[in-house]
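# pasting the structure only:
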């Protein structure tokens, strides 16, 4: 709804968000304002704890690292589950962009804070902090979560996709498959369309039973919004194994408008990943000659043998761009392309 009226929803930030939603200036050149996501709106973090986080920040300045954050608050205010969800939601991105690195270091962080509190024998809240005089542990190195996994963690912590949408990696495939975006449903129905092909990520499934006949209402999400599809007995029985949260679906559905309300009824359902993968015949990858290929090799090996051809375009100072086609062929998909695009 905010996007429809031209207002940005800014991500949660441990040094910029309040416990509640606030108006904040965006990074746009025109100096526009947006809504900053509330810390307390992140799942399983608690309103009281987030108000304490903001009060400590206001009293003693911005947090400089996740260790500084936990040290100033102490284990009595912030626990493991709260830290994990703050990380998954992206609240620490400005301090450390690798969410996976922080998430996998939460146990190390909690042990450090608890040890420091014992050594100091004092409560850290609004004090010098239990880690004063103790060096911060070094976080283990490692790649961040792949883009789609990162977004799934974000969705689980916030309740929806905020920084991006996983189907954005499928833009070309969705255009080739002639899908209709959620934002265009009403327009298509008013034009007289009775059937549409839609794509979405399953958010939840509500199964019902009427006199032994099972049916379901499935909520899906695409980059333009979320929508519900009714699955009656035959369609539900055929698609039941696909109807799981997090699955990418391609649905042929009947459509009708009831005033401003759109009603969608599923006729058939396919696995979008399978359909999109079948359309990817090759991938062109650009990099410089000093780029490490180990992360790329790991991704390709994980996909296994398939029909997709890989073309390397290597930038060299002497010969400009050099093209090298790999002999091996791989199984390719939009998700794989997004993961490769995210490599440094």
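Done, it's in. As the structure is a prediction and not an experimental result, all values here were calculated from the model.
# Let me know the next secondary structure element after the helix or strand bottoming out on mean pLDDT in the chain.
Every helix and strand in the chain was compared by mean pLDDT, DSSP states H and E; the lowest is helix 106-120, with a mean of 81. With elements assigned by DSSP states H and E, the helix or strand that comes after helix 106-120 is helix 147-158.
# That next one: how far from the chain's middle?
How far helix 147-158 lies from its chain's middle: 3 Å, per C-alpha atoms, centre = their mean, to the nearest Å.
# cool, stretch 193-213 as well?
The chain centroid and the centroid of stretch 193-213 are separated by 23 Å under C-alpha atoms, centre = their mean.
# Next, the buried residues of stretch 62-82.
Residues of stretch 62-82 classed as buried: 63, 66-75, 77-78, 82 (neighbour count, 16 or more other C-beta atoms under 10 Å). The C-beta positions use only the backbone N, C-alpha and C, and glycine is treated the same way.
# Tell me if residue 240 really is in a helix.
Yes: assessed by DSSP: H, G, I helix; E, B strand; the rest coil, residue 240 belongs to a helix.
# Count the residues that sit near it.
Residues near residue 240, counting by other C-beta atoms under 10 Å, number 15.
# Distance check, it against residue 226.
Distance of residue 240 to residue 226, computed by C-beta to C-beta, to the nearest Å: 21 Å.
# now do residue 152
Distance, residue 152 to residue 226, using C-beta to C-beta: 16 Å.
# do the same with residue 282
33 Å.
# Same question for residue 236.
Taking C-beta to C-beta, one finds residue 236 at 20 Å from residue 226.
# same check, this time on residue 340
Residue 340 sits 28 Å away from residue 226, going by C-beta to C-beta.
# Look at these two and report which has more neighbours.
Legend: neighbour count by other C-beta under 10 Å for residue 340 and residue 226, higher for residue 340 (19 against 15).
# Would you mind confirming that that one is in contact with residue 283?
Yes: if you go by C-beta atoms under 8 Å, residue 340 and residue 283 touch, sitting 7.4 Å apart.
# picking up where we left off before, with respect to pLDDT, which of the buried residues of stretch 62-82 ranks lowest?
Note: of the buried residues of stretch 62-82, the lowest pLDDT belongs to residue 75, at 81.
# need the contact list for that residue.
Contacts for residue 75 (C-beta atoms under 8 Å, 6 or more residues apart in numbering) come out as 110, 113-114, 117.
# Top of those residues by number of neighbours, please.
Neighbour max across these (other C-beta under 10 Å) = residue 113, 26 neighbours.
# now the helices: where do they sit in the chain?
Using DSSP state H, the helices of the chain run over 47-60, 66-73, 80-89, 99-103, 106-120, 147-158, 171-176, 185-190, 233-239, 272-279, 294-303, 334-341.
# quick check: mean pLDDT across the first one?
For helix 47-60, mean pLDDT rounds to 96.
# Would you mind listing the outside residues contacting it?
Residues contacting helix 47-60 (C-beta under 8 Å, 6+ apart): 14-15, 17-19, 38-40, 42, 63, 69, 72-73, 77-78, 82, 125-126.
# Using neighbour counts, pick out the buried residues of that helix.
Counting neighbours by 16+ other C-beta under 10 Å, helix 47-60 gives 49-50, 52-54, 56-57 as buried.
# Could you do the fifth one as well?
Applying a neighbour-count criterion of 16+ other C-beta under 10 Å, one finds 106, 109-110, 112-113, 116-117, 120 buried in helix 106-120.
# Could you chop the protein up by domain?
Using automatic domain parsing, the domain parsing of the chain gives 8-158, 166-275, 280-341.
# The longest one: end-to-end distance?
For domain 8-158, the separation between the terminal residues is 16 Å (C-alpha to C-alpha, to the nearest Å).
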